[in-house]
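Asker: Here's my sequence, what's the structure:
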Amino acid sequence: MANIGVIGLGYWGPNLLRNIVANRRSDTIVICDKDPGRLNRIAERFPACRKTLNAEDIFNDSEIDGVIIATSVSTHYPLAMEAMKAGKHVFVEKPFAEDTKKAEEMVQYAENNGLVTMVGHTFLFSPPVLKIKQILDSRELGDIRFITSNRVNLGLHQKDVSVIWDLAPHDFSMLFYWLDEEPSFVEAFGHDYVLKGIPDVAFINLGFPSGATANVQVAWLAPSKLRKTVIVGSRKMLIYDDTEPYEKIKIFDKGVDILEPTTFGEYQLSYRTGDIISPRIDSFEPLHSEMEEFLRCIETGSTPITSGRSGMGVVKALEAADRSLSAKLNR
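Answerer: Down below sits the predicted model:
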């Protein structure tokens, strides 16, 4: 059993809380928010939870083993560090921290003191993403050549972070998980069309040590919601469309091969078009699995799939993309 404190009950915190409560593996759950009205509304939905307006009450509670932090990104570092100094394991919503230095300090402190750090990269617990990882590890697609990803919609514009920090953590976490590596270079360009100083569209290029390349497009300005990833391998290709209700993954037996010339003529290309397969995907709520992972790692001391160290890698790439974009906008 692991008793949990939840700090931040705005947009995402109640979803995390709902799954912790449903898990039924915590005798004590304490919820916290600075807004009394919001705190009371959530407390009415979850009457078994204790409530407080002060995060320090959770840090000082000897019954609490782990703390979930679902607040604004600028508060992740101070809240997580205070929780860990009180001996608590921490789950921090994405992005893990606002810069690499703070993320590294959080990870180092946790590792030096035997504490679990986990970041809320929920997509890594979703059935389609897990299935794609299985497909890539089986090498059914062959060597990965390039990946393109589109994550666009109309809104919601953030006032304190760019579209890169808001949307790209999802795609970066999936890319690094699928490829099992972090990028060797990151570059970005885009614009701040609506709120000056807050980029709302960005095109990000990444290169990986394996030779794979990726392009991630994120935007708050689009006529419709688009969540599509294309993975091109040396043998087959794959499309992952998260907006599809049923066939979210399709594998295309398509490719091009170079035929060795039999004479002194030019090389010939052989284009191959085969079957299109939509594999069966399990059905379960990613948030349930994510909270289960946090509780399990607290109890066993295991390293989470979305550990703080993996979250630090995402923050490093976000920072690099943001620097690249800012340099171009400020020319």
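
Asker: When you work out contacts or count neighbours from here on, use the C-alpha atoms and nothing else.
Answerer: OK.

Asker: For the lengthiest helix in the chain, buried residues please.
Answerer: In the chain, ranked by residue count with DSSP state H as the criterion, the top helix is helix 308-329. For helix 308-329, a neighbour-count test (16 or more other CA atoms under 10 Å) marks 308-326 as buried.

Asker: Pull the contacting residues for Val194.
Answerer: Contact criterion CA atoms under 8 Å, 6 or more residues apart in numbering gives Asp200 as the residues in contact with Val194.

Asker: I'd guess it is in a helix, am I close?
Answerer: No - Val194 is assigned coil when assessed by DSSP: H, G, I helix; E, B strand; the rest coil, not a helix.

Asker: mind checking the backbone torsions on it?
Answerer: Torsion angles at Val194 (phi, psi; degrees, to the nearest 10) stand at phi -100, psi -60.

Asker: what's around Tyr246, how many residues?
Answerer: Residues lying near Tyr246 (other CA atoms under 10 Å) number 11.

Asker: Check Glu244 too.
Answerer: The number of residues packed near Glu244 is 11, by other CA under 10 Å.

Asker: Now do the SS call for it.
Answerer: When the structure is split into helix, strand and coil by three-state DSSP, Glu244 lands in coil.

Asker: Any figure for the gap between the residue nearest the centre of the chain and Pro286?
Answerer: Within the chain, the residue whose C-alpha comes closest to the C-alpha centroid is His121; the distance, by CA atoms, centre = their mean, is 3.1 Å. With distances taken as CA to CA, to the nearest Å, His121 is found 10 Å from Pro286.

Asker: As a check, name the ranges of all strands in the chain.
Answerer: When secondary structure is read from DSSP state E, the chain shows strands at 4-7, 29-32, 50-52, 66-69, 89-93, 117-120, 144-152, 185-191, 201-207, 213-219, 226-233, 237-241, 249-259, 268-277.

Asker: what residues does the first one touch?
Answerer: Strand 4-7 is contacted by residues 13, 17, 26, 28-33, 55, 58, 64-71 when judged by CA under 8 Å, 6+ apart.

Asker: Kindly recompute the last result at 6 Å.
Answerer: Taking CA atoms under 6 Å, 6 or more residues apart in numbering as the criterion, the residues outside strand 4-7 that touch it are 29-32, 64, 66-69.

Asker: and it, average pLDDT?
Answerer: The average pLDDT for strand 4-7 rounds to 98.

Asker: Report the distance from it to the chain centre.
Answerer: The offset between the C-alpha centroid of strand 4-7 and the centroid of the whole chain comes to 20 Å, using CA atoms, centre = their mean, to the nearest Å.

Asker: what residues are up against Lys225?
Answerer: Residues 152-153 are the ones in contact with Lys225 under the rule CA under 6 Å, 6+ apart.

Asker: so how far is Val163 from it?
Answerer: Counting by CA to CA, the gap from Lys225 to Val163 is 15 Å.

Asker: cool, Val216 as well?
Answerer: According to CA to CA, Val216 and Val163 sit 12 Å apart.

Asker: So between those two, which is more surrounded?
Answerer: Residue environment comparison for Val216 versus Val163 gives the larger neighbour count to Val163, 26 against 21, counting by other CA under 10 Å.

Asker: Spatially, what comes nearest to the more buried one if we skip its sequence neighbours?
Answerer: Nearest in space to Val163, with sequence neighbours left out and distances taken as CA to CA, 6 or more residues apart in numbering, is Asp200 at 5.1 Å.

Asker: Isn't Ile29 up against Pro47?
Answerer: No - under the contact definition of CA atoms under 6 Å, Ile29 does not touch Pro47, with a separation of 10.4 Å.

Asker: Tell me which of those two has more neighbours.
Answerer: Ile29 (23 against 10).

Asker: Quick check: beta-bridge partners of the more buried one?
Answerer: Here Ile29 shows beta-bridge partners Ile4, assigned using DSSP bridges.

Asker: For it, report the pLDDT, please.
Answerer: Reported pLDDT at Ile29 in the predicted model: 96.

Asker: Relative to Gly5, how far out is it?
Answerer: Separation of Ile29 from Gly5 (CA to CA) stands at 6 Å.

Asker: Kindly report the same for Arg45.
Answerer: Taken as CA to CA, the spacing of Arg45 relative to Gly5 amounts to 16 Å.
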